[in-house]
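Engineer: Pasting the sequence and the predicted model now:
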Amino acid sequence: MTPAETGYLSLLIDFALTEDLGDEGDVTSRATIPEDLQGRAAFVARSEGVLAGVEAAARVCARVDHQLQFSPIRADGYRLGKGETFATVEGPMRSILTAERTALNFLQRLSGVATLTRRYVDAVAGLPVKILDTRKTTPGWRLLEKYAVRVGGGTNHRVGLHDMVLIKDNHLAAMRNAVPGANEIQAAIDAVRSRFPKLKVEVEVDSLEQLDRALAAGPDIVLLDNMPVEQLRAAVARRNATAPGVQLESSGGVTLQTVRAIAETGVDRISVGALTHSAKALDIALDYLS
């Protein structure tokens, strides 16, 4: 994890424990478990998937009680088998029970994103294309979810609005309204090159006519929005003939059933919002050992 990602992780852990513990803490464990009782438990995968969030689980345990000893057996990126133990925790039993749900929430969510990403990456194996995430992330969780995408073998798109230029259809529509008759694609690219010369520039198009104008304007990447496979092939041919240095990215409604056919058209990048907005949590449990 990057320093920024671990920083957000620490903030999220504090928020998660605050909402879970409130003012009184874990009242059930305090009432039923002797304060001096020691215990040990195992983190177990209930289904197959790609592990992500080991660092998060370790930090949750440490944040709840510095006496807890979290011992990882597997690292993030490992392909878990059903029933496989990938970490253990031991120490005061009250603290283990207090940390349980928050640690599992991080593990299940991040492993779910990593697992779904890996399925997409595996679906295009052998082809020179990258699977990218989007900004369709859980508020506050973006950096962690993008970390999980990398764990699953995917590639991060821009983090936010600040680190890359993406001129979308609404930007172009607004420019057409503001300056009637102007070549809005060329004008937009010229404007951002002038204002932010060090940032990569991507422009979204939804037709081959728009693509031709975009390629002539010299962006780094052209986003091909919701184009069918036949149109994607034509777009790749046009790019190869006129602007081979520009990358093409396919986006919009990509599924596991369609992603390989899209990749076979020759596009360089495929962005998939589902990696983060539709990933199912991986089934992970904490089993009491002793």
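Structural biologist: That came through, no problem. Given the structure is predicted, the values throughout are model-derived calculations rather than measurements.
Engineer: For the chain, which segments are assigned as helices?
Structural biologist: Here the chain has its helices, by DSSP state H, at 3-21, 27-32, 54-64, 93-123, 142-151, 169-178, 184-195, 208-217, 229-242, 259-263, 274-277.
Engineer: Now tabulate those in JSON lines and tack on distance to residue 223 and mean neighbour count.
Structural biologist: In this view, the C-beta of every residue, glycine as well, is placed from N, C-alpha and C. Below are the helices of the chain laid out as JSON lines (distance: least, C-beta to C-beta, whole Å; neighbours: other C-beta atoms under 10 Å):
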{"stretch": "helix 3-21", "distance to residue 223": "25", "mean neighbour count": "14"}
{"stretch": "helix 27-32", "distance to residue 223": "50", "mean neighbour count": "12"}
{"stretch": "helix 54-64", "distance to residue 223": "32", "mean neighbour count": "22"}
{"stretch": "helix 93-123", "distance to residue 223": "18", "mean neighbour count": "23"}
{"stretch": "helix 142-151", "distance to residue 223": "18", "mean neighbour count": "25"}
{"stretch": "helix 169-178", "distance to residue 223": "10", "mean neighbour count": "13"}
{"stretch": "helix 184-195", "distance to residue 223": "12", "mean neighbour count": "17"}
{"stretch": "helix 208-217", "distance to residue 223": "9", "mean neighbour count": "18"}
{"stretch": "helix 229-242", "distance to residue 223": "11", "mean neighbour count": "15"}
{"stretch": "helix 259-263", "distance to residue 223": "13", "mean neighbour count": "20"}
{"stretch": "helix 274-277", "distance to residue 223": "16", "mean neighbour count": "22"}
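Engineer: mean pLDDT for the ones you listed: which is lowest?
Structural biologist: Lowest mean pLDDT within those: helix 169-178, at a mean of 88.
Engineer: contact partners of that one?
Structural biologist: 182, 184-185, 187-188, 204, 206, 225 (C-beta atoms under 8 Å, 6 or more residues apart in numbering).
Engineer: Ok, stretch 269-277 next?
Structural biologist: Identification of contacts with stretch 269-277 by C-beta under 8 Å, 6+ apart yields 113, 116-117, 120, 124, 129-134, 136-138, 145-146, 149, 152, 154-155, 157, 221, 223, 247-251, 254-255, 259, 262-263.
Engineer: how about 7 Å then?
Structural biologist: 113, 116-117, 120, 129-134, 136-137, 145, 149, 154, 157, 247, 249-251, 254, 259, 262-263 (C-beta atoms under 7 Å, 6 or more residues apart in numbering).
Engineer: what distance separates the start and the end of that stretch?
Structural biologist: Counting by C-alpha to C-alpha, to the nearest Å, you get 19 Å between the two ends of stretch 269-277.
Engineer: One more: stretch 220-231?
Structural biologist: Where stretch 220-231 starts and where it finishes are 20 Å apart, if you go by C-alpha to C-alpha.
Engineer: What of stretch 128-140?
Structural biologist: Stretch 128-140 end-to-end distance (C-alpha to C-alpha) = 32 Å.
Engineer: quick one: that stretch to chain centroid distance?
Structural biologist: In this view, stretch 128-140 has its centroid 5 Å away from the chain centroid, taken as C-alpha atoms, centre = their mean, to the nearest Å.
Engineer: do stretch 168-178 as well
Structural biologist: The answer for stretch 168-178 is 28 Å, by C-alpha atoms, centre = their mean.
Engineer: And for stretch 168-179?
Structural biologist: Computed by C-alpha atoms, centre = their mean, the chain-centroid distance of stretch 168-179 equals 29 Å.
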